[in-house]
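Visitor: Fold the following, please.
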Amino acid sequence: MRQPEYLMFEAIATLELGERPFLHEQGQYIGRGTVVGLSVEDDRWTLKFRDLEKLDKRTGVWEPDAQFLEDGENTFGGMVSPTTFESLLGGMISVHGYASIIHIAPHCENPWVDIDWPELDAFEGGPLDLTGLSKREQKKRLKRRKRR
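Guide: The predicted model follows:
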C-alpha cells in the first residue's frame, strides 16, 4: 500500500489549480465544481470555487447547490497542518480538514466521467459504472481497473 505523500503549501503554490475540477465530501454532503484558486494566509487555507453542484443521494442526480452563489466568491477553508495537502496518483491533490476532503483533479475535458475519483467512483456515470456496457466491455474495464 502506498504511503501518503503530504505537500507543503510552497509546493502547492507552484501548481496552477485554477479551472481544475474538484470533488468535496463532508459527512453526507457530496459536491463538485471548479476551482478558482487556493491560498494560504497565516495558518488557514482557502479554496475559492464556482459552479458547485451537490449530489442528491436519493435520486443519484447532480443539481446546483442553492446555498452557494452562482457568480459570487464561494469558499471552503480550514486550518493548515502537516497533513492538509496530499499528493495522489495521477496528478490529483487532496485537501484535508474538519472531517472533510476535497479532491482536486488535473485538467480534463470530461472530469465527471473520465476521472477515477476517490471514494465516489461507484456513482452513476463514473468509471466504475458498467451500466449499458456489453459483457465484453465490462470485462475490459474491470481488467484496466485492476491494473491501476
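Visitor: Next, count neighbours for S81.
Guide: With neighbours defined by other C-beta atoms under 10 Å, the count for S81 comes to 12. For glycine as for every other residue, the C-beta is placed from the backbone atoms N, C-alpha and C.
Visitor: switch to numbering from 24
Guide: Let's use 24 as the start, then, which means that last one is S104.
Visitor: what's the helix or strand for it?
Guide: Taking DSSP states H and E as the criterion, no element holds S104; it sits outside all helices and strands.
Visitor: likewise H126?
Guide: Element membership for H126 (DSSP H and E) is strand 123-127.
Visitor: That strand - what's its average pLDDT?
Guide: The average pLDDT for strand 123-127 rounds to 92.
Visitor: Please, where are all the helices along this protein?
Guide: In the chain, the segments counted as helices under DSSP state H are 32-36, 134-137, 158-170.
Visitor: These: lowest mean pLDDT?
Guide: Comparing mean pLDDT across the helices of the chain, the lowest value falls on helix 158-170: a mean of 64.
Visitor: Now do the same for G100: its pLDDT.
Guide: G100 is given a pLDDT of 91.
Visitor: and the gap between the nearest residue to it once chain neighbours are set aside and E39?
Guide: The shortest distance from G100 to any residue other than its chain neighbours is 4.3 Å, reached at T69 (C-beta to C-beta, 6 or more residues apart in numbering). Taking C-beta to C-beta, to the nearest Å as the measure, T69 falls 17 Å from E39.
Visitor: Would you mind checking which helix or strand in this structure has the lowest mean pLDDT?
Guide: helix 158-170 (a mean of 64; mean pLDDT, DSSP states H and E).
Visitor: Quick check on the nearest residue to G50 once chain neighbours are set aside: phi, psi?
Guide: Ranked by C-beta to C-beta, 6+ apart and with sequence neighbours excluded, the top spatial neighbour of G50 is A122, at 6.7 Å. Comment: the main-chain dihedrals of A122 come out as phi 60, psi 30, following degrees, to the nearest 10.
Visitor: Noted, bye for now.
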